[in-house]
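K.L.:
Predicted coordinates and the sequence they were generated for:
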Amino acid sequence: MSDRREILIGMGLGLVWAILLVWIGTAFVNVPVFSRQFVTPFYFLAPGLVLLAMIARLAQRRMFDDTILDGGEAAPGSGADIDRRVLQNTIEQAVLAICLWPAISFIVLEDGPGIVLTLSIGFAIARVAFWIGYHISPPLRAFGFAATFYPTIVALIWSALWWATT
């Protein structure tokens with residue numbers, strides 16, 4: 001199978017994942033109004049834990065590799081190089097989430113906390129899939145990327161439609 005085909009399949013599966021996450025977050029994850037103030041601070045806990053694991057793994061690689069111990073560049077395609085790329089992309093995805101998820105939650109007051117909690121857990125799962133996929137074969141990272149990026153976009157579109165129709 002060609003790399004492009006693998007990437008397209010991963011992107012398609014990521015879109016299905018995104019639609020399922022938003023549907024689950026709106027249909028099944030209900031956060032009572034009185035507990036929302038306690039839920040909101042935990043929106044970014046799962047993404048933060050994944051970032052923690054990635055940073056720790058890269059630090060561990062640096063500690064035991066003399067070529068990158070002092071902050072040098074890892075050899076292209078090495079495990080440390082892949083981990084650095086995964087971390088960079090995860091930071092980018094986390095910043096996007098930090099910028100958009102609170103607005104999504106606020107716009108959709110009734111279902112917002114459920115959506116964002118589902119997005120948060122989905123983010124962590126998708127980032128781990130991205131990380132593993134990247135180490136196995138770069139085209140396999142497509143699912144993890146799409147499964148992280150698309151849910152935010154689908155939730156944003158869904159919340160905009162919800163706001164426009166209410």
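P.N.:
Perfect, thanks for sending it. Since the structure is predicted, the reported quantities are computational estimates derived from the model, not experimental observations. Numbering: from 1, shown residues only.

K.L.:
And the helices in the protein?
P.N.:
Along the chain, counting by DSSP state H, helices occupy 3-27, 36-39, 45-63, 79-107, 112-136, 141-165.

K.L.:
Deepest-packed of those, please.
P.N.:
helix 112-136 (a mean of 22; mean count of other Cβ atoms under 10 Å). From N, CA and C alone the C-beta is placed, and that goes for glycine too.

K.L.:
could you check the angle helix 141-165 makes with that helix?
P.N.:
160 degrees (axes from the mean of the first three to the mean of the last three Cα atoms, to 10 degrees).

K.L.:
Just name whatever secondary elements helix 112-136 is in contact with.
P.N.:
If contacts are counted by 3 or more Cβ pairs under 8 Å, 6 or more residues apart in numbering; DSSP states H and E, helix 112-136 sits against helix 3-27, helix 36-39, helix 45-63, helix 79-107, helix 141-165.

K.L.:
model confidence over stretch 97-105, on average?
P.N.:
Averaged over stretch 97-105, pLDDT sits at 90.

K.L.:
Which residue is most remote from the mean position of the chain?
P.N.:
In terms of distance from the mean C-alpha position of the chain, residue 66 ranks first, at 31.4 Å (Cα atoms, centre = their mean).

K.L.:
Check what pLDDT that residue gets.
P.N.:
Reported pLDDT for residue 66: 72.

K.L.:
I'd like to know which helix or strand in this protein has the lowest mean pLDDT.
P.N.:
Here the helix or strand of the chain ranked lowest by mean pLDDT, DSSP states H and E is helix 36-39, holding a mean of 66.

K.L.:
picking up where we left off before, which of the helices and strands packed on helix 112-136 comes out lowest on mean pLDDT?
P.N.:
Looking at these, the bottom one is helix 36-39 with a mean of 66.

K.L.:
circling back to that earlier point, format the helices of the chain as JSON lines; extra columns: distance to residue 73.
P.N.:
As requested, the helices of the chain are exported to JSON lines (distance: least, Cβ to Cβ, whole Å):
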{"stretch": "helix 3-27", "distance to residue 73": "25"}
{"stretch": "helix 36-39", "distance to residue 73": "41"}
{"stretch": "helix 45-63", "distance to residue 73": "11"}
{"stretch": "helix 79-107", "distance to residue 73": "8"}
{"stretch": "helix 112-136", "distance to residue 73": "18"}
{"stretch": "helix 141-165", "distance to residue 73": "21"}
